[in-house]
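>>> just the structure for this:
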Amino acid sequence: MKKPIIIAISGASGSGKSLFTQNLALKLGHNHQHVLVLQEDHYYKSQDHIPLEKRADTNYDHPDAFEHDLLGQHLLALKNGEAIEYPAYCYKTHTRLDTSETIQPAPIIIIEGIMLLTQIQLFDHFDIKVFVDTALDVCLMRRMLRDTQERGRSMVSVANQYENTVKPMYHKFIEPSKTFADLIIPHGGENFLAVDVVSAYLYQSEKGISAHG
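Down below sits the predicted model:
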């Protein structure tokens, strides 16, 4: 198999990264043989050594919360045609699970996460760097809906976390990182013109990856 194309999709929490990733994968024909989707969130560090009641105090919007060295090793392995043990993370217990999933490489690999473009050491693995640029008030509303409905959080805890860490970390790390993006995409995950542009690039890539594998 030829070396895969790796697309990094970044942006603020709630910006629409996941929806853009989903729509791009669907456009490309999302199946395990042709498109592989990874999430940076799976690489949050294990916190088994920290008492459960203290884990909520961790700043999860700081680059140090992630094990980016492991992510880099996994991306290199996938580029070399090797399988990886993809970690799993539990948002309720705030730590990595003991189980992992064996993942095989694919011609197109999409990875999405908030801190990807803050990690210059990962850039050699990325063929395309995308930043989904969405107004922060919209991101907050989306994050509140997601965290209360999917992660069992209260609105008060989500709002406090947003003011104490999410917003300041966005301005310190995430917003400046968009200067490294090859494409800056407004209007979130439903920007279908941007989906068409990125997918067209992949179709015509000099790496010779076709839409049908």
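
>>> now residue 112: closest residue in space, sequence neighbours ignored.
Of all residues not flanking residue 112 in the chain, residue 9 sits nearest, at 4.2 Å (C-beta to C-beta, 6 or more residues apart in numbering). Every C-beta, even on glycine, is put in place using the N, C-alpha and C of the backbone.

>>> tally up the residues packed near residue 12, please.
Residue 12 has 27 neighbouring residues, counting by other C-beta atoms under 10 Å.

>>> hmm, it is touching residue 139, no?
Yes: between residue 12 and residue 139 a contact is recorded at 4.7 Å, counting by C-beta atoms under 8 Å.

>>> give me the contacts around stretch 183-192.
Applying C-beta atoms under 8 Å, 6 or more residues apart in numbering, the contact partners of stretch 183-192 are 15-23, 128-134, 138, 178, 194, 197-198.

>>> where along the chain do the strands fall?
With DSSP state E as the criterion, the chain has strands at 5-11, 35-39, 84-90, 95-103, 108-112, 128-133, 183-186.

>>> report the helix or strand with the lowest average pLDDT across the protein.
helix 136-150 (a mean of 74; mean pLDDT, DSSP states H and E).

>>> re the thing from before, and of the strands of the chain, who's closest to residue 62?
Checking these against residue 62 by C-beta to C-beta gives strand 5-11 as the closest, at 14.9 Å.

>>> what strands flank the closest one, and is each parallel or antiparallel?
Looking at strand 5-11 with DSSP bridges, its partner strands are strand 108-112 (parallel), strand 128-133 (parallel).

>>> most packed of these?
Greatest average neighbour count among these goes to strand 108-112 (a mean of 24), per mean count of other C-beta atoms under 10 Å.

>>> re earlier: of all the strands of the chain, which one is nearest residue 61?
Proximity to residue 61 (C-beta to C-beta) singles out strand 5-11 among the strands of the chain, at 12.8 Å.

>>> now do the closest one, average pLDDT.
Mean pLDDT, strand 5-11: 96.

>>> again, but for stretch 67-86
Averaging pLDDT along stretch 67-86 yields 97.

>>> identify the residues contacting it?
1, 3-4, 6, 36, 38, 40, 42-45, 87, 100-105, 109, 111, 115, 119, 121-122, 125.

>>> what does stretch 154-164 give?
By C-beta under 8 Å, 6+ apart, stretch 154-164 touches 56, 140, 143-144, 147-148.

>>> how far away from the center of its chain is it?
Taking the mean of its C-alpha atoms, stretch 154-164 sits 22 Å from the chain's own mean (C-alpha atoms, centre = their mean, to the nearest Å).
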